[in-house]
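> this one's sequence-less:
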């Protein structure tokens, strides 16, 4: 089996996906350690809240179109079709991103007028949103084409430069949120310019007449994902806004820094598997190699479950040491929240894996129903538990709503259902078959 694995294209893709996620995680963890030494929890909480708005803009106004491009690109039969698809995705993403930036800046001016706040922070957040969308567009379309090396190097350079430039500006100019955001903007701008140049230099420039209406197809696929991404944002980041409203900005800083550490560990490992298996799964499904697609899916699900269990065990044994290494001492009060956060992250990764048949069949409306169940649960549990238990309540709300969401998604997607009726009886064959077919 190992010899088959070494000759499989999935092996090379897994290596680059692992490299990108590991290097990015290391850079972000080291950057967080240094940044939490230089800024207090109040400033870190302000940056976290603004980053939450940036994440919302990326998720709602651009990521649905990027996801559509990743799903449709395996169906392109020529370089000309692929170029036309990229143009359609980039055009829609640019239009909606400009709308998102305008709304964010408008909200910032309103906040500054009515609450006597700093509107400049929202202006910087809007610029950061545009830079982040450009980064995600390049990285995700490269992953959809199974160009993992380009995607990993792009992601790694951005992840290294962001904390490096932010720390440099804070060190020289002071611990204000403006310098942190400006460092993030400069880093993404530099990284995007370099890798866009590399990508265009190596790309084949072909102008072909394409009869397929990619713009309409992308819209149809992406439209149900827009409310779903709002739901995803509520589930992933909404808790810190509840904490900011019901508690304090310092509590947001404690919670956000701790959650970032846990999420980096679990989300990065799950992202390695996603970037390795999802393009291969979509490609096999689009080619009507349904048994191969089924096999890839279940190797993926089993890997997610195993990594989640191993991560929980390691965190249980080492959480105090991890906090002492990665976080400044003033943030150690939140170390007891880590286990609950980790369980939520593991369940979220599992829910994403079991829901893949819905994306393969382009049933994004059905996927929306599953995400909606998680959002409703989050909207109920987060305020209730925060009001009763404070920060620990916010942490333990994670496994509740992510667990319910994963269960509902599994019931909707039915990943155990094989087209050819092979089921899960011969797991060894399920493991070897997709690897051998990808040699």
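Received, thanks. Computed from a predicted structure; not experimentally measured.
> quick check: domain ranges of this protein?
Each domain of the chain is listed here as a residue range: 1-29+250-439, 39-223, per automatic domain parsing.
> tabulate these in TSV, adding columns for mean pLDDT.
Listed next are those as TSV, based on pLDDT from 0 to 100:
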stretch	mean pLDDT
domain 1-29+250-439	80
domain 39-223	82
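> residues in contact with residue 37?
residue 328 (C-beta atoms under 8 Å, 6 or more residues apart in numbering). For glycine as for every other residue, the C-beta is placed from the backbone atoms N, C-alpha and C.
> again but with residue 362, I slipped
The neighbourhood of residue 362, defined by C-beta under 8 Å, 6+ apart, consists of 71, 221.
> which SSE is it in?
For residue 362, there is no enclosing helix or strand under DSSP states H and E.
> can we start the residue count at 194 from this point?
All set: I'll call the first residue 194, so the last point we hit is now residue 555.
> got phi/psi on it?
Main-chain dihedrals, residue 555, degrees, to the nearest 10: phi 60, psi 30.
> for residue 482, same thing?
Here is the backbone geometry of residue 482 (degrees, to the nearest 10): phi -90, psi 70.
> which helix or strand lies directly C-terminal to the host helix or strand of residue 516?
When elements are defined using DSSP H and E, residue 516 is found to belong to helix 483-519. From helix 483-519 onward toward the C-terminus, using DSSP H and E, the following helix or strand is helix 531-547.
> show me what whichever helix or strand comes after that following helix is packed against.
Using DSSP H and E, the helix or strand that follows helix 531-547 towards the C-terminus is helix 549-553. For helix 549-553, the helices and strands in contact under the criterion 3 or more C-beta pairs under 8 Å, 6 or more residues apart in numbering; DSSP states H and E are helix 256-265, helix 442-479, helix 483-519, helix 557-582, helix 584-606.
> so which of those helices gets nearest residue 412?
With respect to residue 412, and counting by C-beta to C-beta, the nearest of those is helix 256-265 at 8.1 Å.
> I would like the residues contacting that closest one, please.
The list of residues contacting helix 256-265 from outside it, by C-beta under 8 Å, 6+ apart, reads 278-279, 281-282, 285-286, 289, 329-330, 333-334, 336-337, 407, 410-411, 414-416, 418-419, 421-422, 471-472, 475, 552-553, 555.
> hang on, the earlier thing: can I get the helices and strands packed on helix 549-553 in a markdown table including mean neighbour count?
What follows is these, written out as a markdown table (neighbours: other C-beta atoms under 10 Å):
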| stretch | mean neighbour count |
| --- | --- |
| helix 256-265 | 24 |
| helix 442-479 | 23 |
| helix 483-519 | 18 |
| helix 557-582 | 18 |
| helix 584-606 | 22 |
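> need those helices in TSV (columns: distance to residue 324).
As requested, the helices and strands packed on helix 549-553 are arranged in TSV below (distance: least, C-beta to C-beta, whole Å):
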stretch	distance to residue 324
helix 256-265	15
helix 442-479	19
helix 483-519	26
helix 557-582	27
helix 584-606	29
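> among the ones you listed, which comes closest to residue 431?
For residue 431, the closest of the helices and strands packed on helix 549-553 is helix 557-582, at 6.4 Å, according to C-beta to C-beta.
> ok and the closest one relative to helix 256-265, angle-wise?
On the basis of axes from the mean of the first three to the mean of the last three C-alpha atoms, to 10 degrees, helix 557-582 is oriented at 140 degrees to helix 256-265.
> now residue 565, nearest residue through space, not along the chain?
Leaving out its chain neighbours, the residue that sits closest to residue 565 by C-beta to C-beta, 6 or more residues apart in numbering is residue 424, at 5.9 Å.
> that older thread, so which of the domains of the chain comes closest to residue 430?
Closest of the domains of the chain to residue 430 is domain 232-416, at 4.5 Å (criterion: C-beta to C-beta).
> straight-line length of the closest one, end to end?
Across domain 232-416, the terminal residues are separated by 40 Å (C-alpha to C-alpha, to the nearest Å).
> how far off centre is it?
Distance of domain 232-416 from its chain centroid, counting by C-alpha atoms, centre = their mean, to the nearest Å, is 12 Å.
> put together TSV for the domains of the chain, with distance to residue 437 on each row.
What follows is the domains of the chain, written out as TSV (distance: least, C-beta to C-beta, whole Å):
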stretch	distance to residue 437
domain 194-222+443-632	5
domain 232-416	6
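> tell me which of these sits nearest to residue 434.
Closest approach to residue 434 among the domains of the chain (C-beta to C-beta): domain 232-416, 6.9 Å.
> give me the number of neighbouring residues for residue 323.
Counted with other C-beta atoms under 10 Å, the burial measure for residue 323 works out to 23 neighbours.
> now residue 440. Its backbone dihedrals?
According to degrees, to the nearest 10, the main-chain angles of residue 440 amount to phi -120, psi -120.
> check the gap between residue 585 and residue 333 for me.
When distances are taken as C-beta to C-beta, to the nearest Å, residue 585 and residue 333 turn out to be 35 Å apart.
> oops, could you answer that again for residue 449 instead?
Residue 449 sits 25 Å away from residue 333, taking C-beta to C-beta as the criterion.
> check residue 592 too.
Taken as C-beta to C-beta, the spacing of residue 592 relative to residue 333 amounts to 28 Å.
> ok, now which ones touch the residue lying closest to residue 459 once chain neighbours are set aside?
What sits nearest to residue 459 in space, not counting adjacent residues and going by C-beta to C-beta, 6+ apart, is residue 538, at 3.7 Å. When contacts are counted by C-beta under 8 Å, 6+ apart, residue 538 touches 455-456, 459-460, 463, 591, 595.
> now these in TSV, with distance to residue 580?
Conversion of the contacts of residue 538 to TSV gives the following (distance: C-beta to C-beta, whole Å):
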residue	distance to residue 580
455	23
456	24
459	27
460	28
463	31
591	16
595	20
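> which two of the residues you listed have the greatest separation?
That would be 463 and 591, which, of the contacts of residue 538, are the farthest apart (C-beta to C-beta) at 14.6 Å.
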